[in-house]
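A.B. asks: Sequence first, predicted model second:
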Amino acid sequence: MAVLAGVGVVAGARGAEADPCTGVVAATTMYAGGRFATCFDPGNRLVVDAGTDGVGGAILLRHIIHFADEPDLEWKMEHVLLDASYDEFTSSFTGTLYQGVFIRHSRDGHIVLPFGDPPAKVFLPFDVGALVEVGGLAWRDSANADLGVVKTAALIDVARSKDNRLRIAIGPVASWDMALTRMPDLAIEEQLVAPFSSGLLDFHAESNNGLDVAKLRVETGYVWSNTRGWLAATRAEASLERTVLSVNDRPVSLVVDARYDSALSETTAGVALRLALMQRTDPRVQKLDADDN
Amino acid sequence: MRATRLAALAAISILMPATAARVARADNRLGPMMDPDRPVICARDTAGLEWRIQCDDTAKVCVYAPSVELDVDGERIDKSLERARECSLDDSFDRAAMQARGFQMVPGRADAPYGWTRDERGRVFQINFDLKRRMYFGAAYSPEKVTDNPLASQRTSIDFGLLVYETLHRGRAPTRHRLRLLEGEVHLQPYDAQVTLLHYDVSHRYFDPLIRITTFVGEPARHDLHLNLGGWTEVGGLEIHATPFGNSQLYKHATAEATFDLWQSRDLESYARIRTGMGLEGQYDDVNGYRSALSADSAFEMDWTLDKQGFHNIKLELADELPRYFQPIPGTATVAPSKTGFSERMRAKLQYEGIVLAINDQPVTLKLAAGGEKRNDLPGVPDVWAFVVDAGLRFNLWAPPHPRS
């Protein structure tokens, strides 16, 4: 019964509104006055996924670095740690040790040419930043695996959002990957390097209450292989996440995603249920155990 | 324009009637800038507009500037000055009284912290950078073996450093810690790559000399000999090289060395030093399989920041590595490094890196490098010097202002 009481139907929560992010159970029910969160922070949580692509999980962290002497400058930092999924049926695995997106949001974008006194300055309408991925590993069968050593991208973010809810970033990509053979011995089969010869589009948008999250990442360009020379390569991944309910104020969401990989010449789609095992309570949510009386 | 400036000057007085709010726009020359280390006062004119004022009692000059940014026409806009010091309103400021005391009122630019400046509209931007605190990634063009045939093996490369961080503990015996996280480079055609997961080294300047020698030839004189020792370590190194017999992978598990600084700059940012120590490594190739070794490593290296603003940086490294394998190496003389189980790797690298521009205060640097390598641990690769030059650009993130020396 206690568990039942903790299940708040987030979408269309019924009850009086304490504030935009805190719901209150209506007086007509036996749980009158109980509070529940209606806003969530999808960037700060430990999640587990279960779906058509198997089971997985990740640690998501994000924060904003402010500066006392420059209130209009901030660094928006996003980190994803130990992002992994495993499909028992196909024995396939995909994982990334660390992925970070760092965006420097300033009031004015500009280029400084260090010539003259003071140096020349040209103003530009975007923020700058970077994407970093370290330690990617994936296999689809027992004979081969792909190792992503490092990937970096210089980003310009034209959305210029002050928070982490919207990002429309593009930039050139440098990456270093290895194709491995796992049998009979682990060995490097092929080296794949993109010396900023690929481009990346990274789109991230989420609703103000954190219930809806949309992501799109497209990476396309040329990759150099030490065995096959220059190759055209395109990867795309899109996902939509909708939080449909919460259990003890931990959100449970439905994730629909689609992926395309030109190297495999395949497009796949999946559906998963995502549960936040641990999360940072959205600061807009009133303290849920506060006593109204 | 002159009349406009005078009008603005007149506006800086709480005792005078309001005048036009239009602000003096600098003519071709920018006005003087307020000193960030000296006090600034804020005062309102009779129109209620706020000004920043800094007076120099010695030079008898007061520099004044609007307390907000200006638009292209020199009109005030609703944007407070970024990175300007806090100043409290001082309603007692009296321009007429100051002029009577001999002060000259000069239109100028508001203060900005060290490492930053302002344009004529009050907009702030960074003008020096600390490349010892940054994240970077870049691409370069690297023709190889320029002595043989400059067109034979042109190639490009990428390099990256997830975190470069140095910190100085000042004091009479200063210490500088240097940390590098996931730093490496990858060359195409022919392929080779190297990456180091973690690098840490520390430099120290000892307050007391190791030995002091007094000479008594002529006037007695004292000569101090300092032994500035430090440490150097790397963990998780990987090198991959293409050979005629497939890829060779060198895993540098851990290396620890002692450093002896021959020369140090005052802030220890620049140095010339010798380092020597041991490393544990393993190497895999299709000819010899996997073999572990203890490597005796030595190097002379120099890191020199040429200017106080940190715009120009030179690095030099001359290194020698002598891995001794735990097992004798079978094979022919051309494949096996040595019948005694030793190999030798020598490399020399000279690099210049300079800042060419900054995008949103994040510097873009030009890297020019020349290097050579001679080694006999790669099967089928001739044991002769091979030379590489690099020219490329690096995009840097963070890079706060270079510390004052």
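C.D. replies: Cool, got the structure. Numbering: from 1, shown residues only, chains lettered A, B, ... in the order given.
A.B. asks: When you work out contacts or count neighbours from here on, use the C-alpha atoms and nothing else.
C.D. replies: OK.
A.B. asks: where in the chain is pLDDT low?
C.D. replies: No chain specified, so I'll use chain A. Low-confidence segments of chain A, defined by pLDDT under 70, are located at A:1-18, A:117, A:287-293.
A.B. asks: wrong one, chain B
C.D. replies: B:1-29, B:143-154, B:328-340, B:405.
A.B. asks: Quick check: residues of it near chain A?
C.D. replies: Chain B comes close to chain A at residues B:82-85, B:117-119, B:125, B:127, B:137, B:139, B:156-158, B:160, B:162, B:186, B:188-191, B:247, B:356-361, B:395, B:397, as judged by C-alpha under 8 Å from any C-alpha of the partner chain.
A.B. asks: From those residues, which land in strands?
C.D. replies: For the residues of chain B next to chain A, membership in strands holds for B:117-118, B:125, B:137, B:139, B:156-158, B:160, B:162, B:186, B:247, B:356-359, B:395, B:397, with DSSP state E as the criterion.
A.B. asks: Only whichever of these are buried, select them in ChimeraX.
C.D. replies: Taking 16 or more other C-alpha atoms under 10 Å in any protein chain shown as the burial criterion, the selection of buried members of these in ChimeraX is written as:
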select /B:117,118,125,137,139,156,157,158,160,162,186,247,356,357,358,359,395,397
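A.B. asks: Grab the nearest non-local neighbour of the residue in the stretch 301-405 of chain B positioned nearest to chain A.
C.D. replies: With C-alpha to the nearest C-alpha as the measure, the residue in the stretch 301-405 of chain B that lies nearest chain A is B:Ile359; the distance is 4.2 Å. For B:Ile359, the nearest residue in space outside its immediate sequence neighbours is A:Ile111; the separation is 4.2 Å by C-alpha to C-alpha, 6 or more residues apart in numbering or on different chains.
A.B. asks: Please report the distance of the residue in the stretch 201-350 of chain B positioned nearest to chain A from A:Ala179.
C.D. replies: Each residue of the stretch 201-350 of chain B has a distance to chain A, by C-alpha to the nearest C-alpha, and the smallest belongs to B:Asn247, at 7.7 Å. Remark: distance between B:Asn247 and A:Ala179 (C-alpha to C-alpha, to the nearest Å) = 13 Å.
A.B. asks: hmm, back to that, tally of neighbours for the residue nearest to B:Ile359?
C.D. replies: 19 (other C-alpha atoms under 10 Å in any protein chain shown).
A.B. asks: Show me what the one helix or strand it maps to is in contact with.
C.D. replies: Assigned by DSSP states H and E, A:Ile111 belongs to strand A:109-113. Strand A:109-113 is contacted from outside by A:119-127, B:125, B:127, B:356-361, using C-alpha atoms under 8 Å, 6 or more residues apart in numbering or on different chains.
A.B. asks: 6 Å instead, please
C.D. replies: Residues outside strand A:109-113 that contact it (C-alpha atoms under 6 Å, 6 or more residues apart in numbering or on different chains): A:Pro119, A:Ala120, A:Lys121, A:Val122, A:Phe123, A:Leu124, A:Pro125, A:Phe126, B:Leu357, B:Ala358, B:Ile359, B:Asn360.
A.B. asks: So which of those residues is the closest to A:Gly33?
C.D. replies: Proximity of the contacts of strand A:109-113 to A:Gly33, judged by C-alpha to C-alpha, is greatest for A:Phe126, which lies at 46.0 Å.
A.B. asks: How many neighbouring residues does that closest one have?
C.D. replies: Under the neighbour criterion other C-alpha under 10 Å, A:Phe126 is assigned a count of 23.
A.B. asks: Chain neighbours aside, what residue packs nearest to it?
C.D. replies: Once its chain neighbours are removed from consideration, A:Phe126 has its nearest residue in A:Val158; the separation is 4.8 Å (C-alpha to C-alpha, 6+ apart).
A.B. asks: A:Val134 now?
C.D. replies: Closest to A:Val134 by C-alpha to C-alpha, 6+ apart is A:Val150, at 4.6 Å.
A.B. asks: And that neighbour, which helix or strand is it part of?
C.D. replies: Taking DSSP H and E as the definition, A:Val150 sits inside strand A:144-157.
A.B. asks: Show me what whichever helix or strand comes after that strand pairs with in its sheet, parallel or antiparallel.
C.D. replies: Moving toward the C-terminus from strand A:144-157, the next helix or strand (DSSP H and E) is strand A:166-181. Strands that pair with strand A:166-181, judged by DSSP bridges, come out as strand A:144-157 (antiparallel), strand A:187-206 (antiparallel).
A.B. asks: quick one, which of the ones you listed is packed in tightest?
C.D. replies: Mean neighbour count (mean count of other C-alpha atoms under 10 Å in any protein chain shown) peaks for strand A:144-157 among the strands paired with strand A:166-181, with a mean of 23.
A.B. asks: could I get that one in PDB with only the CA atoms?
C.D. replies: The C-alpha coordinates for strand A:144-157 follow below in PDB (Å, rounded to 0.1, in the frame of the first residue of the first chain):
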ATOM      1  CA  ASN A 144      35.100  -8.900 -33.400                       C
ATOM      2  CA  ALA A 145      34.800  -5.800 -31.300                       C
ATOM      3  CA  ASP A 146      35.200  -2.000 -31.900                       C
ATOM      4  CA  LEU A 147      37.200   0.100 -29.500                       C
ATOM      5  CA  GLY A 148      36.700   3.900 -29.500                       C
ATOM      6  CA  VAL A 149      39.900   5.300 -28.000                       C
ATOM      7  CA  VAL A 150      39.000   8.900 -28.100                       C
ATOM      8  CA  LYS A 151      36.700  11.200 -29.900                       C
ATOM      9  CA  THR A 152      36.800  15.000 -29.700                       C
ATOM     10  CA  ALA A 153      34.700  17.700 -31.400                       C
ATOM     11  CA  ALA A 154      35.000  21.400 -31.300                       C
ATOM     12  CA  LEU A 155      31.500  22.700 -31.000                       C
ATOM     13  CA  ILE A 156      29.700  25.900 -31.800                       C
ATOM     14  CA  ASP A 157      26.300  26.100 -30.100                       C
END
